[in-house]
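1. Here is my input, please return the structure:
(chains A and B)
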Amino acid sequence: MTVESTAARKPRRSGAKRSTTARDAKKQPEAQTELVQLLTPEGERVEHPEYAIDPTPEELRGLYRDMVLTRRFDAEATTLQRQGELGLWASLLGQEAAQIGSGRALHDDDYVFPTYREHGVAWCRGVDPTNLLGMFRGVNHGGWDPNSNNFHLYTIVIGSQTLHATGYAMGIAKDGADAAVLAYFGDGASSQGDVAESFTFSAVYNAPVVFFCQNNQWAISEPTEKQTRVPLYQRAQGYGFPGVRVDGNDVLACLAVTKAALERARTGQGPMLIEAFTYRMGAHTTSDDPTRYRSPEERELWETKDPILRLRTLLTREGLADDAFFAELERESDALAKRVRDAVRAMPDPDDMALFEHTYADGHALVDEERAQFAEYQASFVTAEEGI
Amino acid sequence: MAAEKMSLSKAINASLRTALESDPKVLIMGEDVGKLGGVFRVTDGLQKDFGEDRVIDTPLAESGIVGTAIGLALRGYRPVVEIQFDGFVFPAYDQIVTQLAKMHARSLGKVKLPVVVRIPYGGGIGAVEHHSESPEALFAHVAGLKVISPANASDAYWMLQQAIGSDDPVIYFEPKRRYHDKSEVDTAAIPGPLHAARVVRPGADLTLAAYGPMVKVALDAAAAAAEEGKSIEVVDLRSMSPIDFDTIQRSVERTGRLVVVHEAPVFLGTGSEIAARITERCFYHLEAPVLRVGGFHSPYPPSRLEDEYLPGLDRVLDAVDRALAY
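-> Numbering: from 1, shown residues only, chains lettered A, B, ... in the order given. Coordinates of the predicted model:
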């Protein structure tokens, strides 16, 4: 039995200040840092002096529904990859609370810049989940209009989007608009120069951007201690804005802290960094093999902190959701999975001539020339066949 | 009276001023572009007249400059960013290549990024390392970018206006050793197409194709050759992506010979592409192989050696003689 699981069984009167595990202490020097938590792994509500939140039963059920459906969508996508329908999938398993909590904190006018694993945030923004699969199937590089949902395309180059988020936020400030930007990145991306530059620019221009780092402990096979010697949220201090670490498996804490940070940004108080301390339960992507670099015990430990289970415990214990609710949600999950499966299989390959579309907005002579040559080349086969 | 004689750098300044006046979404961003007016004073007086919100001094971080400009463009702004010198663009190269160039295609045309990246480029000013490079081929190779370079004040004014008006990202290379060269600028004129090459001197025996800082060298070479009775046509390419092969082709069909001149290294450079394409298009018109004159496959040298590295009048005339000797 681990130290953590023993500790986890102690009921907490106040979860305001909670150290991370002893195991983490050995791994990371920041073990004694504060972690905002409003819902313990045992499903107990706890108070935090700065981040109070009082969701209605309906809101709690809504957060639970979001997490369950997102996990089901993610599982279906993983299966589709195993069945050869997708070339790759980046699973969010274990990060549902970080994504749904932060995603549900957004206002309609806010804008999101995701990395490539933010399927739960996309869900919160109303992006049809089937649209997320196009790039992983290889039919496009992102199948949605960013401006329809204020949810930018996935960005695969690590950390690049934090600068786009900062620039967009600078634009919001220039417009005097009542909105903020939420920029996602991971613990690995925190090592990138672009993330550092986005911190500099956002601080210098007091841009309304909230940086949401999902520290899922692993950047492919590199653990967090290969990225940093100080807790990631403490980076913010050096740039002149606040940073806070939140229990990334606690949907209520993620919601409360992100709400506060976005409100702070909207009201002209500048950027903020949130480090959601969470865990990637699965592989980095379906091409990865985490058994080569981490122990099964580690995952088992984090399973005791499962973000969905703890909210279910609360809902059940407090009588906020009945069997009918859970049964209906199960049916809804099955329907979503089927819809996703059918949509992926029906997804057509792009037309050949799509090679030449959209490279430029205003056209380009070389593209025109190559398009014409390729069309002629393709047509030559048709002519040959007709000739037979 | 709209036409007046001005230096190339003043023409860029006037062009930026016009853009700032005519569209409130246009922003100038870069290191030292504000109070200083840029290290070459190209943005002189703009911050004073348009304020710090329109003419934005940035932190010294090139990736940040281009990356935030992308974000501002996504919000509806039209940023014109200045990279202080050619050799400093590489920290921003990732943002330019992986993000700026590709976002329109990735979004299937939903997202437009009207960002202009101004880069003073090229040698001949006696500068230290990283201040004299000609990386245009690296950008022209990237689909999604447009790459242009004016050779005179009028083009400097108008091509920048057109670049700012374009919904595509444009890399605008400024020939820094020509900043002080003066020529007539008619700010009321109707400019020609942005990517059209132009015959700047007609001739019958050979075509010299050049762009940016080398157009002047090409014209000087043509004038010197004329004294020896050789009739050289000079084409100013103006755009390296796309390249106006039609204009070069028409010229070569008249002259039968082509020499391409640029400051950048010859190997895999703009001239290589032109040589290949023109050979393909004009094989039966060519009296000689297409020759290239440019920089060597070496780092840009210390300034005491740059006159040897850069194509000068003699090296261009030598290539002309070799082509005419076939």
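2. Tell me the gap between the longest strand anywhere in chain B and the middle of its chain.
-> Counting residues, the longest strand found in chain B (DSSP state E) is strand B:258-265. Strand B:258-265 sits 13 Å away from the centroid of its parent chain (CA atoms, centre = their mean, to the nearest Å).
3. Ok, stretch B:216-235 next?
-> Distance, centroid of stretch B:216-235 to centroid of chain: 22 Å (CA atoms, centre = their mean).
4. Is chain A within reach of the helix or strand where B:Glu273 lies?
-> Taking DSSP states H and E as the criterion, B:Glu273 maps to helix B:270-282. No: Helix B:270-282 stays clear of chain A (CB under 8 Å from any CB of the partner chain), getting no nearer than 9.6 Å. Quick note: C-beta positions are derived from backbone N, CA and C, even for glycine.
5. Give me the nearest residue to A:Gly101, chain neighbours excluded.
-> A:Cys254 (2.6 Å; CB to CB, 6 or more residues apart in numbering or on different chains).
6. Next, that neighbour: secondary structure please.
-> At A:Cys254 the chain is in helix, as set by DSSP: H, G, I helix; E, B strand; the rest coil.
7. check contacts around it.
-> Residues in contact with A:Cys254, defined by CB atoms under 8 Å, 6 or more residues apart in numbering or on different chains, are A:Ala97, A:Ala98, A:Ile100, A:Gly101, A:Ser102, A:Ala105, A:Val246, A:Asp247, A:Gly248, A:Ile274, A:Ala276.
8. Can you say which of those are buried?
-> Buried members of those, counted by 16 or more other CB atoms under 10 Å in any protein chain shown: A:Ala97, A:Ala98, A:Ile100, A:Gly101, A:Ser102, A:Ala105, A:Val246, A:Asp247, A:Gly248, A:Ile274, A:Ala276.
9. If we ignore the residues flanking it in sequence, what's nearest the fifth one?
-> Right, the one you point to is A:Ser102. By the measure of CB to CB, 6+ apart, the closest residue to A:Ser102 outside its immediate chain neighbours is A:Thr258, 4.2 Å from it.
10. if we can go back for a sec, can you pull the buried residues of the helix holding B:Glu273?
-> So for helix B:270-282, counting by 16+ other CB under 10 Å, buried means B:Thr270, B:Gly271, B:Ser272, B:Glu273, B:Ile274, B:Ala275, B:Arg277, B:Ile278, B:Arg281, B:Cys282.
11. what helices or strands is that helix leaning on?
-> Judged by 3 or more CB pairs under 8 Å, 6 or more residues apart in numbering or on different chains; DSSP states H and E, helix B:270-282 is in contact with helix B:136-140, helix B:245-255, strand B:258-265, strand B:291-295.
12. Which helix or strand contains the residue nearest to A:Ser102?
-> Using DSSP H and E, A:Thr258 maps to helix A:251-266.
13. now do B:Leu16
-> In this assignment (DSSP H and E), B:Leu16 forms part of helix B:8-22.
14. before we move on, the earlier item: what is the rounded mean pLDDT of the longest strand of chain B?
-> Strand B:258-265 carries an average pLDDT of 98.
15. how about low-confidence regions in the stretch 251-388 of chain A?
-> For the stretch 251-388 of chain A, the stretches flagged by pLDDT under 70 are A:383-388.
16. now the helices for it?
-> Listed in chain order, the helices of the stretch 251-388 of chain A (DSSP state H, counting those that start in this stretch) span A:251-266, A:296-303, A:307-317, A:323-345, A:365-387.
17. Apart from its neighbours in sequence, what residue is nearest B:Pro114?
-> Ranked by CB to CB, 6+ apart and with sequence neighbours excluded, the top spatial neighbour of B:Pro114 is B:Arg78, at 4.7 Å.
18. For that neighbour, which residues are in contact?
-> For B:Arg78, the contact set (CB under 8 Å, 6+ apart) comprises B:Ala19, B:Asp23, B:Lys25, B:Val26, B:Leu27, B:Pro114, B:Val115, B:Val116, B:Ile164.
19. Tell me which two of those residues sit farthest apart.
-> Spanning the widest gap among the contacts of B:Arg78 are B:Asp23 and B:Val115, at 14.0 Å by CB to CB.
20. between the two, which one's more packed in?
-> More crowded of B:Asp23 and B:Val115, by other CB atoms under 10 Å in any protein chain shown: B:Val115, with 29 against 13.
21. For the more buried one, grab phi and psi.
-> phi -110, psi 130 (degrees, to the nearest 10).
22. burial of the residue nearest to A:Ser102, as a residue count?
-> For A:Thr258, the count of nearby residues is 25 (other CB under 10 Å).
23. any idea how far A:Gly186 is from it?
-> 16 Å (CB to CB, to the nearest Å).
24. Kindly state the domain boundaries assigned to the chain.
-> You didn't say which chain, so I picked chain A. As given by the TED database, the domain ranges for chain A are A:55-344, A:352-384.
25. let's do chain B instead
-> With the TED database as the reference, chain B has domains B:4-185, B:198-325.
26. Pick the most deeply packed of those.
-> Of all the domains of chain B, domain B:4-185 carries the top mean neighbour count, a mean of 21, counting by mean count of other CB atoms under 10 Å in any protein chain shown.
27. what does the helix holding B:Glu273 contact?
-> B:136-137, B:140, B:209, B:211, B:237, B:240, B:243, B:245, B:248-249, B:252-253, B:258, B:260-262, B:264, B:266, B:286, B:289-294.
28. CA atoms of that helix as PDB?
-> C-alpha atoms of helix B:270-282 as PDB (Å, rounded to 0.1, in the frame of the first residue of the first chain):
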ATOM      1  CA  THR B 270      16.600  31.400 -56.700                       C
ATOM      2  CA  GLY B 271      18.800  31.300 -59.800                       C
ATOM      3  CA  SER B 272      18.800  27.500 -59.700                       C
ATOM      4  CA  GLU B 273      15.000  27.400 -60.000                       C
ATOM      5  CA  ILE B 274      15.100  30.000 -62.800                       C
ATOM      6  CA  ALA B 275      17.800  28.100 -64.700                       C
ATOM      7  CA  ALA B 276      15.800  24.900 -64.500                       C
ATOM      8  CA  ARG B 277      12.500  26.300 -65.500                       C
ATOM      9  CA  ILE B 278      13.800  28.600 -68.300                       C
ATOM     10  CA  THR B 279      15.800  25.700 -69.700                       C
ATOM     11  CA  GLU B 280      12.600  23.700 -69.800                       C
ATOM     12  CA  ARG B 281      10.600  26.500 -71.300                       C
ATOM     13  CA  CYS B 282      13.100  27.900 -73.700                       C
END
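29. so the longest helix anywhere in chain A versus helix A:251-266, what angle?
-> Longest helix in chain A, counting residues (DSSP state H): helix A:57-82. Angle, helix A:57-82 to helix A:251-266, by axes from the mean of the first three to the mean of the last three CA atoms, to 10 degrees: 100 degrees.
30. So which other helices or strands are in contact with helix A:57-82?
-> helix A:96-103, helix A:119-125, helix A:251-266, helix A:307-317, helix A:323-345.
31. What residues are bridge-paired with the residue nearest to B:Pro114?
-> In this entry, B:Arg78 is beta-bridged to B:Val26, by DSSP bridges.
32. tell me the pLDDT at it?
-> In this model, B:Arg78 carries a pLDDT of 98.
33. Surely B:Asp94 and B:Ser63 touch.
-> Yes: contact criterion CB atoms under 8 Å: B:Asp94 and B:Ser63 qualify, at 6.4 Å.
34. hey, what's in contact with both of these two?
-> Common neighbours of B:Asp94 and B:Ser63, using CB under 8 Å, 6+ apart, are A:Asp194.
35. Now do the same for B:His131: its pLDDT.
-> pLDDT recorded at B:His131 is 97.
36. how far away is it from chain A?
-> 22 Å (CB to the nearest CB, to the nearest Å).
37. quick revisit: could you identify the most distant pair in the buried residues of helix B:270-282?
-> Greatest spacing in those, by CB to CB: B:Thr270 and B:Cys282 (17.4 Å).
38. picking up where we left off before, highest mean neighbour count out of the helices of the stretch 251-388 of chain A?
-> Of all the helices of the stretch 251-388 of chain A, helix A:251-266 carries the top mean neighbour count, a mean of 25, counting by mean count of other CB under 10 Å.
39. That one versus helix A:307-317: what angle between them?
-> Put simply, helix A:251-266 runs at 110 degrees to helix A:307-317, going by the same axes, to 10 degrees.
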